[in-house]
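# Only the shape, not the letters, is given here:
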């Protein structure tokens, strides 16, 4: 096996992946689409994903499990906020609806009552263990 065929930190690589949760539900995949390209160690990917590809060989497929702390972190209670319902005006609002704060942060409405709206500004995958099936499609050495 040549050094050129093994992923190292600093290499630019192309991968195909399918991401699932512990219950088996798929949250993202690029299989059958364009490969995902990134430089290993640059910090563009979640920590556990980058660490998982190091040492893989060209065309190798590997399954990695990434705990929440190495993915999107734990759920932060201070990012779940209650705001007065009046801030939404007279438009229709419902649970599960995506909203954006005045500061540009994305959140999801988790609960409603007559006076308030509870919004979760955590990343959607926060607090979740992620499982990836990754195939190395290309390696461009640093």
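Good, I have the coordinates. Quick caveat: nothing in here was measured; it's all calculated off a predicted structure.
# who does the helix or strand of the chain with the lowest mean pLDDT pair up with?
The least trusted helix or strand in the chain, going by mean pLDDT, DSSP states H and E, turns out to be strand 98-100, with a mean of 92. Strand 98-100 has the following strand partners under DSSP bridges: strand 106-112 (antiparallel).
# contacting residues around the partner strand?
79-80, 85, 93-101, 117-121, 124 (Cβ atoms under 8 Å, 6 or more residues apart in numbering). Just so you know, the C-beta spots here come from the backbone N, C-alpha and C atoms, and that holds for glycine as well.
# Give me the subset of those that lies in helices.
Per DSSP state H, helices hold no members of the contacts of strand 106-112.
# Quick check on those: which are buried?
99, 117-121 (16 or more other Cβ atoms under 10 Å).
# Quick check: bridge partners of residue 26?
According to DSSP bridges, beta-bridge pairing links residue 26 with residue 20.
# which residues touch it?
Contacts of residue 26 (Cβ under 8 Å, 6+ apart): 18-20.
# let's see it at 10 Å
By Cβ atoms under 10 Å, 6 or more residues apart in numbering, residue 26 lies in contact with 18-20, 131.
# possible to save the residues you listed as CSV with pLDDT and neighbour count?
Putting the contacts of residue 26 into CSV (pLDDT from 0 to 100; neighbours: other Cβ atoms under 10 Å) gives the following:
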residue, pLDDT, neighbour count
18, 98, 16
19, 98, 19
20, 98, 18
131, 98, 17
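# Cheers, nothing more for now.
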